[in-house]
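Participant: Please find the sequence and the predicted model below.
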Amino acid sequence: MRASHEGIGNAAGPGSSHKRAAARGVEWAHRRVALVATVATVASLGVAVPAYADAMGSAVAIDSSASSAPVTVLVTPAHRPDPYTSGDVGDPTAALVDASQRAEQTDAVGQRVADTAIVEKDLPAVSGVVAEVSPDQLAALKAQPDLVVTPNAPVAVEDASFPSAVRAPAAVFPQTTGATSLWKNNVDGSGVAVAVLDTGITKLPDFGKRIIGGVDLSGEGNAFQDSYGHGTFVAGLIAGNGASSKGAYKGEAPGANLVSVKVAGATGVTDLATVISGINWVVSHRDQYGIRVLNISMGAIPTQSTVLNPLDQAVETAWQAGIAVVVSAGNAGPFNGTILSPGDDPLVITVGSLDDVGSTNPAQSAATTFSSVGPTNIDGWFKPDLVTSGRSVVSLRAPGSTIDRTYPTARIGTANFVGSGTSFSAAITSGAAAMLIEGAALSSGKGSGRVLTSDEVKAQLLGTTVPGPVGNPMVDGHGALNVLGAVMLPGLELTQTVPTVATPVGSDVDLHSTWALSSWNGSSWNGSSWNGSSWNGSSWNGSSWNGSSWNGSCWNGSSWNGSSWNGSSWNGSSWNGSSWNGSSWNGSSWNGSSWNGSTWS
């Protein structure tokens with residue numbers, strides 16, 4: 001049975017045509033303290049959480065014995081019909097073919113589900129559907145090996161807070177990343193649209209007329225009213241022009257256009273299906289608004305391999321369509337294996353946080369304790385990709401929003417606000433991506449129509465970083481964002497690889513194998529600016545490092561960040577998500593006192 005479908009671009013959200021999942025599945029990280037409750041909630045409901053509870057041996061487990069009430073799930077194919085092909089990224093013809101294949105698969109999955117259950121809406125971005133199922137119907141769907149069943153979990157935006165390490169607010173990131181030097185040469189993101197999938201963007205003077213479109217999928221009915229406050233803060237870091245602060249607080253790309261994709265309202269909470277619908281809307285409206293960058297400052301505890309995870313599959317669809325997807329790593333550090341989804345996806349640009357300590361000199365930066373750390377939990381991918389400012393950064397205030405009313409001490413003047421978290425590092429990087437795309441178009445000549453592909457954007461951003469504060473690939477990735485270098489040193493090429501076989505939950509992962517497929521393997525790179533100099537021993541904290549150091553070595557989940565990073569620490573070890581348990585998440589940094597107004601000042 002099929003319910004009346006709402007178009008993906010319509011203002012349909014958790015409060016409209018489909019029933020909201022009632023606190024089941026994976027709780028997304030709204031605040032660090034909320035994640036602890038999430039772990040307990042997920043474990044008690046029987047959802048496999050391999051890095052935070054014992055692995056349960058299946059990609060998704062939903063406890064249907066506790067209640068006879070129907071549940072809302074996402075049903076997707078086990079193998080996507082349009083696998084990643086590097087040569088087709090951003091190609092209009094290939095995009096049409098891919099969209100047709102996804103539509104055909106979506107219809108096929110929907111027809112199968114509709115034979116016994118209620119199909120609430122289609123999710124073309126992942127070739128699947130949202131359905132309401134009884135326990136018996138759920139069991140029948142899970143028994144079909146070519147389908148993946150995922151709970152329609154709650155989703156919330158990410159913030160972080162750390163009252164024990166508060167410092168003075170600062171907005172020096174445009175100088176630290178080299179953006180201000182590009183502004184002087186008229187490169188400020190103009191003509192490039194960044195879609196902000198978040199809680200909406202309030203129209204403020206700092207955005208001028210550059211909010212060029214949007215959609216409200218939250219049910220509140222206005223994409224340009226941010227009743228929570230997170231999306232406006234994120235948008236200010238991307239493209240605020242400083243109008244409200246007389247130029248004191250600008251975003252990374254103050255000339256870029258913005259598209260508001262509102263998926264959550266005043267609570268900051270939505271659900272998985274709505275987020276994926278938002279991604280599908282972005283893909284569908286890419287050409288209409290000139291969307292070349294998608295910022296996602298949200299994250300979920302991964303319970304499946306990226307090959308099966310519908311959220312990861314959705315961002316891969318956007319990436320293949322030629323949209324550079326920039327995602328926050330998560331605020332669950334400093335433990336290994338805490339990168340959240342979709343930041344765990346191998347294609348996207350996953351961004352962690354550093355503390356710029358209020359200095360314009362990148363060499364003065366310090367590590368943060370909250371930024372999530374790799375390798376990724378189930379698949380063992382090397383993440384994050386890079387880091388940039390994320391502690392005590394200043395952006396725009398959404399007057400009257402939930403955050404504004406809850407944390408009045410975080411206000412700076414009448415128009416600005418201060419916050420910390422990888423959400424905000426991702427926003428800065430999205431602005432940098434917009435500037436990079438504009439800079440490439442300018443350098444190739446007016447009217448040439450040259451637009452960097454998403455793979456090329458990632459290559460430039462990763463290949464031109466400066467040393468991070470730790471020098472550990474699992475903590476600060478390739479290093480700190482350097483948009484000046486990314487624009488001025490063109491021509492880098494990065495060959496990306498996306499697996500088609502899912503890593504079993506709880507299995508050992510050979511990190512030599514994931515290294516070989518990652519951006520850390522020098523053979524994945526090419527281009528006129530590439531000489532490998534940034535990959536020598538000095539960038540690995542003085543330890544000699546080469547591919548042979550990974551032979552026969554994996555990882556076992558024990559914490560190794562900092563001084564223990566060297567080749568010998570990998571010998572005889574194995575990375576196994578199931579070896580993690582809830583104790584890794586205990587400690588003072590997780591208690592309620594870590595979230596209060598003082599953390600915003």
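Facilitator: Okay, I see it. Numbering: from 1, shown residues only.

Participant: ok, what's across the strand from Asn526?
Facilitator: In this entry, Asn526 is beta-bridged to Glu493, by DSSP bridges.

Participant: Please enumerate the strands of the stretch 151-300 of the chain.
Facilitator: 154-156, 193-198, 211-216, 257-262, 269-271, 291-296 (DSSP state E, counting those that start in this stretch).

Participant: mind showing which ranges of this protein have poor pLDDT?
Facilitator: 1-67, 158-166, 444-450, 527-601 (pLDDT under 70).

Participant: That one: helices as residue ranges?
Facilitator: For the chain, applying DSSP state H gives helices covering 32-45, 92-114, 135-142, 173-176, 179-183, 230-239, 272-284, 286-289, 310-320, 402-406, 422-443, 454-463, 483-488, 511-516.

Participant: now the last one: how far from the chain's centre is it?
Facilitator: Between the mean C-alpha point of helix 511-516 and the mean C-alpha point of its chain there is a distance of 22 Å (Cα atoms, centre = their mean, to the nearest Å).

Participant: Repeat that for stretch 333-347.
Facilitator: 9 Å.

Participant: Span of it from start to end?
Facilitator: 22 Å (Cα to Cα, to the nearest Å).

Participant: Spit out the contact partners of the residue nearest to the spatial centre of the chain.
Facilitator: In the chain, the centroid-proximal residue (Cα atoms, centre = their mean) is Val327; its distance is 2.3 Å. Going by Cβ atoms under 8 Å, 6 or more residues apart in numbering, Val327 touches Ile296, Ser297, Gly299, Val315, Pro342, Gly343, Asp345, Val348, Ile349, Thr350, Val351, Ala426. The way it works is simple: take the backbone N, C-alpha and C, and place the C-beta from them, glycine included.

Participant: would you list the residues you listed in CSV and tack on neighbour count?
Facilitator: Shown next, in CSV, are the contacts of Val327 (neighbours: other Cβ atoms under 10 Å):
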residue, neighbour count
Ile296, 32
Ser297, 28
Gly299, 32
Val315, 27
Pro342, 29
Gly343, 33
Asp345, 28
Val348, 25
Ile349, 26
Thr350, 33
Val351, 33
Ala426, 33
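
Participant: mind putting these in JSON lines, distance to Lys246 included?
Facilitator: Formatted as JSON lines, those follow (distance: Cβ to Cβ, whole Å):
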{"residue": "Ile296", "distance to Lys246": "31"}
{"residue": "Ser297", "distance to Lys246": "27"}
{"residue": "Gly299", "distance to Lys246": "35"}
{"residue": "Val315", "distance to Lys246": "38"}
{"residue": "Pro342", "distance to Lys246": "37"}
{"residue": "Gly343", "distance to Lys246": "35"}
{"residue": "Asp345", "distance to Lys246": "40"}
{"residue": "Val348", "distance to Lys246": "36"}
{"residue": "Ile349", "distance to Lys246": "32"}
{"residue": "Thr350", "distance to Lys246": "35"}
{"residue": "Val351", "distance to Lys246": "29"}
{"residue": "Ala426", "distance to Lys246": "27"}
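
Participant: distance of Thr503 from Pro346?
Facilitator: 12 Å (Cβ to Cβ, to the nearest Å).

Participant: any shared contact partners between those two?
Facilitator: Joint contacts of Thr503 and Pro346 (Cβ under 8 Å, 6+ apart) are Asp379.

Participant: ok, back up a step: does the residue nearest to the centre of the chain have beta-bridge partners, and which?
Facilitator: Ile296, Thr350.

Participant: Mind checking the helices of the chain for the one nearest to Gly374?
Facilitator: Distance to Gly374, taken as Cβ to Cβ, is lowest for helix 511-516 among the helices of the chain, at 9.8 Å.

Participant: so of the helices of the chain, which one's packed in deepest?
Facilitator: helix 230-239 (a mean of 33; mean count of other Cβ atoms under 10 Å).

Participant: Remind me what that helix packs against, helices and strands.
Facilitator: strand 193-198, strand 257-262, strand 393-396, helix 422-443 (3 or more Cβ pairs under 8 Å, 6 or more residues apart in numbering; DSSP states H and E).

Participant: Could you check the angle it makes with strand 291-296?
Facilitator: Taking axes from the mean of the first three to the mean of the last three Cα atoms, to 10 degrees, one finds helix 230-239 and strand 291-296 inclined to each other by 130 degrees.

Participant: Alpha carbons of helix 230-239, as CSV, please.
Facilitator: Presented in CSV, the C-alpha positions along helix 230-239 are these (Å, rounded to 0.1, in the frame of the first residue of the first chain):
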residue,chain,number,x,y,z
HIS,A,230,22.3,26.7,14.4
GLY,A,231,21.8,27.1,10.6
THR,A,232,22.2,30.9,10.7
PHE,A,233,25.4,30.6,12.7
VAL,A,234,26.7,28.1,10.2
ALA,A,235,25.7,30.3,7.3
GLY,A,236,27.4,33.3,8.8
LEU,A,237,30.7,31.4,8.9
ILE,A,238,30.3,30.4,5.3
ALA,A,239,29.2,33.7,3.8
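
Participant: ok now that helix, how far from the chain's centre?
Facilitator: With Cα atoms, centre = their mean, you get 15 Å for helix 230-239.

Participant: got the angle between that helix and strand 257-262?
Facilitator: Using the same axes, to 10 degrees: helix 230-239 against strand 257-262 is 160 degrees.

Participant: Skipping its backbone neighbours, what lies nearest Leu386 in space?
Facilitator: What sits nearest to Leu386 in space, not counting adjacent residues and going by Cβ to Cβ, 6 or more residues apart in numbering, is Gly477, at 4.6 Å.

Participant: mind listing what the one you found touches?
Facilitator: Thr350, Gly352, Phe382, Lys383, Pro384, Asp385, Leu386, Val387, Leu462, Thr465, Gly468.

Participant: ditto for Gly229
Facilitator: Thr199, Arg397, Ala398, Ser401, Thr402, Ile403, Asp404, Phe417.

Participant: Mind doing that once more with 7 Å?
Facilitator: By Cβ atoms under 7 Å, 6 or more residues apart in numbering, Gly229 lies in contact with Ala398, Ser401, Thr402, Ile403, Asp404.

Participant: I'd like the contacts of Gly477 as JSON lines, with distance to Leu258 appended.
Facilitator: What follows is the contacts of Gly477, written out as JSON lines (distance: Cβ to Cβ, whole Å):
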{"residue": "Thr350", "distance to Leu258": "22"}
{"residue": "Gly352", "distance to Leu258": "24"}
{"residue": "Phe382", "distance to Leu258": "31"}
{"residue": "Lys383", "distance to Leu258": "26"}
{"residue": "Pro384", "distance to Leu258": "24"}
{"residue": "Asp385", "distance to Leu258": "23"}
{"residue": "Leu386", "distance to Leu258": "22"}
{"residue": "Val387", "distance to Leu258": "24"}
{"residue": "Leu462", "distance to Leu258": "25"}
{"residue": "Thr465", "distance to Leu258": "26"}
{"residue": "Gly468", "distance to Leu258": "28"}
